[in-house]
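Novice: sequence first, predicted coordinates after that:
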Amino acid sequence: MLGKFLTRSENETINLGREFSKVLKAGDVVALYGELGSGKTRFIQGVCKGLGVSEVVNSPTFIIMNRYEGRLKVYHFDFYRIDEVDEIIEIGFNEFIYNDAVSLIEWAEKVGEILPDSRYEVVLNFGSNENERIIEISKL
């Protein structure tokens, strides 16, 4: 499930995340990039639904990470408020992403230098209409 996709609503973005979740396995890291309001959290909500998470999925902007249980363990990171990579290293980031969980990382550009070489990248951009999003999914 790699390529470039156009969604026309929040529900379509969630559904794309749900479809993408089908390729994920334990230990995968998904780095998400996009401006504020571009749909990163909606996409992650779909991934979590697809992984069987029954909890409400919200962005952990103020607490940095949420943990969810589904058919796989999920760590959802939000680095919007992070200023220095050292802050992430100090919380034990490597122990979280190098294990049997799926790690979903919003604002991944803030920690690019410590992301694993092997990962999925999801880039979300605004489309030409208010609710459109252009979403590119690749694997490194």
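Specialist: Received it, and whenever you're ready, just let me know what you need. Residues are numbered from 1 along each chain as shown.
Novice: hey, which helix or strand in the chain has the poorest pLDDT?
Specialist: helix 85-90 (a mean of 82; mean pLDDT, DSSP states H and E).
Novice: for the residue nearest to residue 70 when sequence neighbours are not counted, what are its contacts?
Specialist: Among residues not flanking residue 70 along the chain, residue 52 sits closest, at 3.5 Å (C-beta to C-beta, 6 or more residues apart in numbering). For the C-beta atoms, the positions are set from N, CA and C on the backbone; glycine is no exception. By C-beta atoms under 8 Å, 6 or more residues apart in numbering, the residues touching residue 52 are 70-72.
Novice: give me the buried subset of the residues you listed.
Specialist: Among the contacts of residue 52, the ones that count as buried by 16 or more other C-beta atoms under 10 Å are 70, 72.
Novice: which of the contacts of residue 52 lies closest to residue 30?
Specialist: Of all the contacts of residue 52, residue 30 sits closest to residue 72, with 12.0 Å by C-beta to C-beta.
Novice: quick check: the gap between the closest one and residue 90.
Specialist: Residue 72 is 26 Å from residue 90, where distance means C-beta to C-beta, to the nearest Å.
Novice: re the thing from before, and the contacts of residue 52 as a markdown table, adding pLDDT?
Specialist: Output for these, formatted as a markdown table (pLDDT from 0 to 100):
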| residue | pLDDT |
| --- | --- |
| 70 | 94 |
| 71 | 93 |
| 72 | 95 |
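Novice: switch the contacts of residue 52 over to a markdown table; also include secondary structure and distance to residue 2.
Specialist: Putting those into a markdown table (DSSP: H, G, I helix; E, B strand; the rest coil; distance: C-beta to C-beta, whole Å) gives the following:
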| residue | secondary structure | distance to residue 2 |
| --- | --- | --- |
| 70 | coil | 22 |
| 71 | coil | 22 |
| 72 | coil | 20 |
